[in-house]
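> Okay, here's the prediction I keep looking at, along with the sequence it came from:
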Amino acid sequence: MQTSTTLPTRTIGGRSVSAIGLGAMPMSIEGRPSAEQSIATIHAALDAGVTLIDTADAYHRDADEVGHNEELIARALREYGPGADDVLVATKGGHLRPGDGSWTKDGRPEYLKEAAKASAQRLGVEAIGLYQFHRPDPDVPYEDSLGAIRDLLDEGVIALAGISNANIEQIETANEILGGRLASVQNQFSPRFRSSEAELRHCAEQGIAFLPWSPLGGIANAGELAANHAAFGEVAAELGVSVYQVTLAWELALAPVVVPIPGASRAASVQDSVLAANLTLTDRQITRLSAA
């Protein structure tokens, strides 16, 4: 364990976290690195001051390893020691991977309650720091699924509640069912995917944390950021930093509720991403990037 760096912070449900989080999914799906490399990456994130790690029970490769990513994170935090005590682990339930590369959904209240308790056990905690309903199930009324999340919150199985892949109507419904206790919304958002701009603005108005997933455009597209979005590459060249830092800094500049969670499977990726938390863009640069 090394002494961690202090990063600028943001708030999720009253809980202070680093302005840049870590998306741990790449450590458990297809093409994943060794467990040793993944743990080293998580430790590098902690050393850099990251105090938010995003996962889900569905972040796994094979059908018989549900919760692989949660168990990996739990192991990494145990091995890091006391310096990991302030880390908020955000996990999700309601989305499943049968093991054939496809995704399915299960928003039944009874399933979500069982899934949350299983996640808590894998993470080795009495209460999950942040639990998010992963994706709406068209076969289950949204209100029923969120009722289960409310019950988990009331019962102390989870400390904070959130939703993912939600529109504005669902955000409002969730916050009403949760009695104003909706802590976060985790939607896809990046220079490539801007369809959740309205949800981001809504969260900013309501003081709800907005966690962009795939904030760099996704595993397969992050390497093409500069080529596909010229303004981001140009600003990066002007500042002498990576296009990834510029992208994350732009997202942070959009609203004080934004907490990007870039995925990583190498320590170098984490170390580059966290530099965005202290990168200041001018108003002109932000406008230029937003218009790109």
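That came through, no problem. Residues are numbered from 1 along each chain as shown.
> Show me the shaky parts of the chain.
Scanning the chain for pLDDT under 70 picks out 1-4, 220, 222.
> Quick one: the helices in it, in order.
The residue ranges that make up the helices of the chain, judged by DSSP state H, are 35-47, 68-80, 109-123, 142-155, 168-177, 197-206, 225-228, 230-239, 243-254, 267-273, 283-291.
> Keeping just the C-alphas, turn the third one into PDB.
Included here for helix 109-123 are C-alpha records, laid out as PDB according to Å, rounded to 0.1, in the frame of the first residue of the first chain:
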ATOM      1  CA  PRO A 109     -38.500  -7.200  -7.100                       C
ATOM      2  CA  GLU A 110     -37.700 -10.600  -5.700                       C
ATOM      3  CA  TYR A 111     -34.800 -11.100  -8.000                       C
ATOM      4  CA  LEU A 112     -33.300  -7.600  -7.300                       C
ATOM      5  CA  LYS A 113     -33.500  -8.200  -3.500                       C
ATOM      6  CA  GLU A 114     -31.700 -11.500  -3.900                       C
ATOM      7  CA  ALA A 115     -29.100 -10.000  -6.200                       C
ATOM      8  CA  ALA A 116     -28.300  -7.100  -3.900                       C
ATOM      9  CA  LYS A 117     -27.800  -9.400  -1.000                       C
ATOM     10  CA  ALA A 118     -25.500 -11.700  -3.100                       C
ATOM     11  CA  SER A 119     -23.600  -8.600  -4.200                       C
ATOM     12  CA  ALA A 120     -23.100  -7.500  -0.600                       C
ATOM     13  CA  GLN A 121     -21.800 -10.900   0.300                       C
ATOM     14  CA  ARG A 122     -19.300 -10.900  -2.600                       C
ATOM     15  CA  LEU A 123     -18.100  -7.400  -1.700                       C
END
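> So which elements touch that helix?
Helices and strands touching helix 109-123, as assessed by 3 or more Cβ pairs under 8 Å, 6 or more residues apart in numbering; DSSP states H and E, comprise helix 68-80, strand 88-93, strand 130-133, helix 142-155. For every residue, glycine as well, the C-beta is placed using N, CA and C.
> do you know how far the residue nearest to Lys105 when sequence neighbours are not counted is from Asn165?
The shortest distance from Lys105 to any residue other than its chain neighbours is 4.2 Å, reached at Asp137 (Cβ to Cβ, 6 or more residues apart in numbering). Applying Cβ to Cβ, to the nearest Å, one obtains 11 Å for the distance of Asp137 from Asn165.
> before we move on, what about His95?
In terms of Cβ to Cβ, His95 sits 9 Å off from Asn165.
> what's in contact with stretch 265-276?
With Cβ atoms under 8 Å, 6 or more residues apart in numbering as the contact definition, stretch 265-276 has outside contacts at 5, 7, 18, 20, 22, 26-27, 32-33, 37-38, 40-41, 43-45, 48-50, 241-242, 244-249, 252, 260, 262, 264.
> Buried residues, that stretch. List them.
For stretch 265-276, the buried set under the neighbour-count rule, 16 or more other Cβ atoms under 10 Å, comprises Ser265, Arg266, Ala267, Ser269, Val270, Asp272, Ser273, Val274, Leu275, Ala276.
> how many neighbours does Asn167 have?
Counted with other Cβ atoms under 10 Å, the neighbours of Asn167 add up to 16.
> got a list of what the closest residue in space to Leu289 that isn't next to it in sequence touches?
Counting by Cβ to Cβ, 6+ apart, Leu289 lies nearest to Trp250, which is 4.7 Å off, once chain neighbours are set aside. Going by Cβ under 8 Å, 6+ apart, Trp250 touches Pro191, Phe232, Leu281, Gln285, Ile286, Leu289, Ser290.
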